[in-house]
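Asker: Predicted coordinates and the sequence they were generated for:
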Amino acid sequence: MGFRKDFLWGAATAAYQIEGAYQEDGRGMSIWDSLTKEAGHVAWGENGNTACEHYHLYKEDVALMKEMGLTCYRFSVSWPRILPEGDGRVNEKGVRFYQELVELLLDAGIEPVVTLYHWDLPYTLYEKGGWKNPESVEWFAGYAKAVAEMFQGKVRYYITFNEPQVFVGLGYRLGIHAPFEKNEPSVISAITRNVLLAHGRAVAVLRSAGPKDIKIGMAPSSGCVIPKSETEEDIEEARRMSFEANKGGIGGGISWWMDAVFLGEFSKENKEAFGENVPQLTEEEWALVTQPLDFFGFNCYAGGGNLVPPNPYAYDRYSYQGSPKTATGWNITPDVLYWAARFYYERYKKPILVTENGLAAYDLVSLDGCVHDPNRIDYTHRYLRGLKRAAEEGIPVIGYIHWSFMDNFEWASGYDMRFGLVYVDYRTQQRILKDSAYWYRNVILSNGENL
Ligand code: BGC
């Protein structure tokens, strides 16, 4: 027994990271367009103005997905492309782009998995306080409604928020991502409340719009802690550490967000750690936040440690002199997909969907015109074996979505680090399938039997 027959084999992207065409066809500005103009936020002063020009090259890109044999494609909708002012007026040209993309995917037999929010908040809403403003709950509900109307029941899989820990933590607490703010814990508490309620409103809107077999989830960032050995004590220690309150600060841990959404509470550890900054919700609000979801999605790149930001002067639980790392400096810890699937299934009791996993490298085109990326193949192979073990032990794993379908704008790090299965030459917009794309195609063809 390996992966189920209808296993979703995918790859993912996000609108701001690939679309480009930032001023075309009536698109509004997002916080990433407007606020990255100020120097010092992104490596080399880069931005997503052109990115991979996917807005123009989407037909070619879907053809490549088909060639790779993907059975699902996760992408996000750009909120300001369909609602240029954030709410109210709908931009028909933007709507048409996403409708055509979904038609093409369905024709190619590729299941669309749509993320509503992958960090590109409309700038007009930022000017009104963005996620700090309680009105953001209704703005998001209106946006979810526009997306549901746009897709007319043709999309079955939705993800409300990508990595709330990251866009709140890096965006509003540490000032590394847009809107580049450093706020007090009380502000992060208010944002948490707004994002949780916005999630709930969106779930209600999407479910009532259908289709009947709609599947809704979230995509938190979640590298759990890997046990040091498989003794009961070590497993229990890792389980406890995986869900403890984030030592790096409020809003960072998986339990902060997922206990609220799936269990309807903030844990004792989070209450002890963050005291009066734990949001207070009424019974009615909890009912909105905890509407049943259909899967537990998570983005996972490496094992978590003591949940504080990595310290370049000290080894963590997984590193040692010369230990394997990706170009982002993240540890390579293949067993994490096994333990994450196991721990999250135990705690949240929903089918597991890996919504992101992959490796950053400084890939380049070789003399033979190909892009050889043995490290990405080896990384993915090892991680998938971990996931396969989980499936074999009876954990309902419904899919694996690789990050990323193609090289793209890596937020504050710009374009140097490449995560794609497809190489992008940003001067010519030429795409080249990397060796890993061909390898992944064989994995998909054998439904993971060859791992
Ligand atoms: C995000 C992606 C990002 C990737 C690699 C995740 O945090 O969802 O947008 O590019 O990881 O850093």
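Answerer: Looks like it arrived, so ask away.

Asker: Need the contact partners of stretch 184-196.
Answerer: Around stretch 184-196, the neighbours that count as contacts under Cβ atoms under 8 Å, 6 or more residues apart in numbering are 131-134, 136-137, 161, 164, 168, 172-173, 183, 249-251, 256-257, 260-261, 274, 277-279, 281, 289. In this view, the C-beta of every residue, glycine as well, is placed from N, C-alpha and C.

Asker: which of those residues count as buried?
Answerer: With burial judged by 16 or more other Cβ atoms under 10 Å, the buried subset of those is 131-133, 136-137, 161, 164, 168, 172-173, 183, 249-251, 256-257, 260-261, 274, 277-279, 281, 289.

Asker: Could you tell me which residues of the stretch 301-450 of the chain lie near the ligand?
Answerer: For the stretch 301-450 of the chain, the contact set with the ligand under Cβ under 6 Å from any ligand atom comprises Glu356, Trp403, Glu410, Phe419.

Asker: And the furthest pair within these?
Answerer: Glu356 and Glu410 (12.7 Å; Cβ to Cβ).

Asker: still on that earlier bit, in helices only, show me the contacts of stretch 184-196.
Answerer: Ser136, Val137, Pro164, Val168, Trp256, Trp257, Phe274, Val289 (DSSP state H).

Asker: was I right about the first one contacting Pro122?
Answerer: Just to be clear, that refers to Ser136. No. Look at Ser136 against Pro122 with Cβ atoms under 8 Å: they stay out of range, at 10.7 Å.

Asker: Tell me the buried residues in stretch 378-388?
Answerer: Applying 16+ other Cβ under 10 Å to stretch 378-388 flags Asp378, Tyr379, Thr380, His381, Arg382, Tyr383, Leu384, Gly386, Leu387, Lys388 as buried.

Asker: Could you list the alpha-carbon positions for it in PDB?
Answerer: Extracted C-alpha coordinates of stretch 378-388, given in PDB (Å, rounded to 0.1, in the frame of the first residue of the first chain):
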ATOM      1  CA  ASP A 378      17.400  13.900  -4.000                       C
ATOM      2  CA  TYR A 379      15.700  16.300  -1.500                       C
ATOM      3  CA  THR A 380      12.200  15.600  -2.900                       C
ATOM      4  CA  HIS A 381      12.800  11.900  -3.100                       C
ATOM      5  CA  ARG A 382      13.800  11.700   0.500                       C
ATOM      6  CA  TYR A 383      10.900  13.900   1.700                       C
ATOM      7  CA  LEU A 384       8.400  12.000  -0.300                       C
ATOM      8  CA  ARG A 385       9.600   8.700   1.200                       C
ATOM      9  CA  GLY A 386       8.700  10.200   4.600                       C
ATOM     10  CA  LEU A 387       5.300  11.100   3.400                       C
ATOM     11  CA  LYS A 388       4.900   7.700   1.900                       C
END
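
Asker: Comparing Glu356 and Glu410, which residue is more hemmed in?
Answerer: For the pair Glu356 and Glu410, the greater number of neighbours falls to Glu356 (25 against 20), based on other Cβ atoms under 10 Å.

Asker: May I have the residues that are in contact with that one?
Answerer: Ala12, Ala219, Asn299, Cys300, Tyr301, Ile401, His402, Trp403.
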